[in-house]
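Asks: Structure here, sequence nowhere to be found:
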RNA sequence: GCCGCGUUGGUCAAGAGGUUAAGACGCCUCCCUUUCACGGAGGAAUCACGGGUUCGAGUCCCGUACGUGGUACCA
């Protein structure tokens, strides 16, 4: 069975930003389209250097986006455990196997010794400061030390790491599903640490061992991994697992909107937009809001994210998740980074709000109103309000601003906009309007409008001059949907009450 | 420095040798609407540069520049 995996390493302070979610999304799309199974691997977030809750947070985010994996730490699975710390011993065994076959070695250098090696090289004017074939025989490791000495150091459990032994003057070839054939010289890659002094594996070892053991067929990740891909390919080869090596794809980066570098957590605060899907409680900075809290629909969020680096070639921009699964092709993923544009992100949300029906929107909007202290009764009035205002809402939170006056009598009335052109005739008009409206049997927008215009005609006033005052009386300012629609939904009593309330203010 | 990857309007991008170089966001103008949106019509704005190859290059090749990533006992 084919499987695609996505691997996460939350940063030590947690959070999961746009790039990570998009990687998960593309993995999901590809996996669902071709095989229907994708695996989530999470790094050792239970280690002390990681903030608590990082793993649960990742799963929450993916759940909100609707792209939960089929295998992962949140589930029991055939190839578990899925958490790195629970597989610690496994990695060690495989690393030892590499030492035996001559593709890896024990290294006993202390960080200080490595640092001084680099200082020396720097002093000699060298610009390559890597721990590699150039220096490994001068360092303290099982290649340079006599076997007995290595034995002895191992026996007393002298702190050590296991490093891969990269052969010089070789070329590593591999195929990237997005970039095509890639060739790199081994001379540029250093003897990467495979097992750290604390016994935990580095990413390089873990990713290869896990992918092999979990029978992963497609390994997709961000472009930042491209330079270390040769290490991974070599590892597959050194283990003798070449035939099982997954197909690679390296996704482009999401870049800062204002120029240089990949998007980072800090850019969110600096530029005033979210970089997380959902709110994250940062141990240092406190709560950081996400797209969800800002009023994004998950449909819009993943749609926007997917289009930041992929399109189906037809010009279509609005896709549901299912449609994306259907249309997705990895060959059409861009090979260069894309700058994130918050304006465009909001456009996607606006489009999704417009196209979503009231039933979809109602629970979210209801929640927003309730948080503001307005309880929503059953009945269809709320649905009608949503229908009426949704075209003018870019974010879900805009529903409050666009619809609060249906529930709360405006506390401030923009009388200034009326006053300059106010006169007794207009006052008389509204007195008459109250009288006529209160006698009305049918309370609906068209009837309200007809009546309104009839009275205006009788008073020899232009309806246009009266509609703005009417609007301001009802909602407090120059905004909102059609006035008669508003009055219709407000109901007779409330409409008349608001006119009566405002009239004295205009004297 | 070295090693990768990349480069079509301000942004996202279509384009796989011959196009008036799509479309979207944003911006501007107009129409609709006696509020504001929505909707509609239009506009400004792009192939990084230099060499090849070719009858013909945004498309292929080579350089340069620029951007970006890596160069950790981080992922």
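Replies: Happy to help now that I have it. All figures in this text were calculated on a predicted structure; none of them were measured in a lab.
Asks: what secondary structure does the residue of the stretch 201-350 of chain A found nearest RNA strand B sit in?
Replies: Distances between the stretch 201-350 of chain A and RNA strand B by CB to the nearest atom of the strand are smallest at residue A:260, namely 2.2 Å. The way it works is simple: take the backbone N, C-alpha and C, and place the C-beta from them, glycine included. Following DSSP: H, G, I helix; E, B strand; the rest coil, we place residue A:260 in the coil state.
Asks: Need phi/psi at it.
Replies: Here is the backbone geometry of residue A:260 (degrees, to the nearest 10): phi -80, psi 120.
Asks: Kindly report the same for residue A:126.
Replies: According to degrees, to the nearest 10, residue A:126 has phi -80, psi 150.
Asks: Equivalent analysis for the one 4 residues further on, please.
Replies: Per-residue torsions, residue A:130: phi -80, psi 150 (degrees, to the nearest 10).
Asks: Just give me the neighbour total for the nearest residue to it once chain neighbours are set aside.
Replies: If the residues on either side of it in the chain are set aside, residue A:130 comes closest to residue A:190, at 3.5 Å by CB to CB, 6 or more residues apart in numbering. Number of residues near residue A:190 (other CB atoms under 10 Å) recorded here: 20.
Asks: Without its sequence neighbours, what residue ends up closest to residue A:341?
Replies: With CB to CB, 6+ apart as the criterion, residue A:341 has its nearest non-adjacent residue at 6.0 Å, and that residue is residue A:257.
Asks: Repeat that for residue A:327.
Replies: residue A:312 (4.4 Å).
Asks: check contacts around that neighbour.
Replies: Listed by CB atoms under 8 Å, 6 or more residues apart in numbering, the contact partners of residue A:312 are A:319, A:327-329, A:332.
Asks: Backbone torsions only: list them for residue A:139.
Replies: phi -100, psi 180.
Asks: Reduced to three states, what does the closest residue to it other than its chain neighbours come out as?
Replies: Distances taken as CB to CB, 6+ apart put residue A:109 closest to residue A:139, at 5.3 Å, once the chain neighbours are dropped. Assigned by three-state DSSP, the conformation of residue A:109 is coil.
Asks: The residue nearest to residue A:341: neighbouring residues, count only.
Replies: Residue A:257: 14 surrounding residues under other CB under 10 Å.
Asks: just checking, it touches residue A:268?
Replies: No. Assessed by CB atoms under 8 Å, residue A:257 is found out of contact with residue A:268, at 10.7 Å.
Asks: Which single residue in chain A comes nearest to RNA strand B?
Replies: As assessed by CB to the nearest atom of the strand, RNA strand B sits closest to residue A:464 within chain A, at 1.2 Å.
Asks: sorry, back to before: what about the residue of the stretch 201-350 of chain A closest to RNA strand B, how many residues nearby?
Replies: For residue A:260, the count of nearby residues is 6 (other CB under 10 Å).
Asks: Could you measure from it over to residue A:339?
Replies: 10 Å (CB to CB, to the nearest Å).
Asks: same question, residue A:239
Replies: Distance, residue A:239 to residue A:339, using CB to CB: 39 Å.
Asks: Comparing these two, which residue is more hemmed in?
Replies: Higher neighbour count among residue A:239 and residue A:339: residue A:239, with 18 against 13, using other CB under 10 Å.
Asks: residues contacting the more buried one?
Replies: Residue A:239 touches A:94, A:97-98, A:208, A:212, counting by CB under 8 Å, 6+ apart.
Asks: okay if I get these as TSV plus secondary structure and neighbour count?
Replies: Putting these into TSV (DSSP: H, G, I helix; E, B strand; the rest coil; neighbours: other CB atoms under 10 Å) gives the following:
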residue	secondary structure	neighbour count
A:94	helix	22
A:97	helix	14
A:98	helix	21
A:208	helix	27
A:212	helix	17
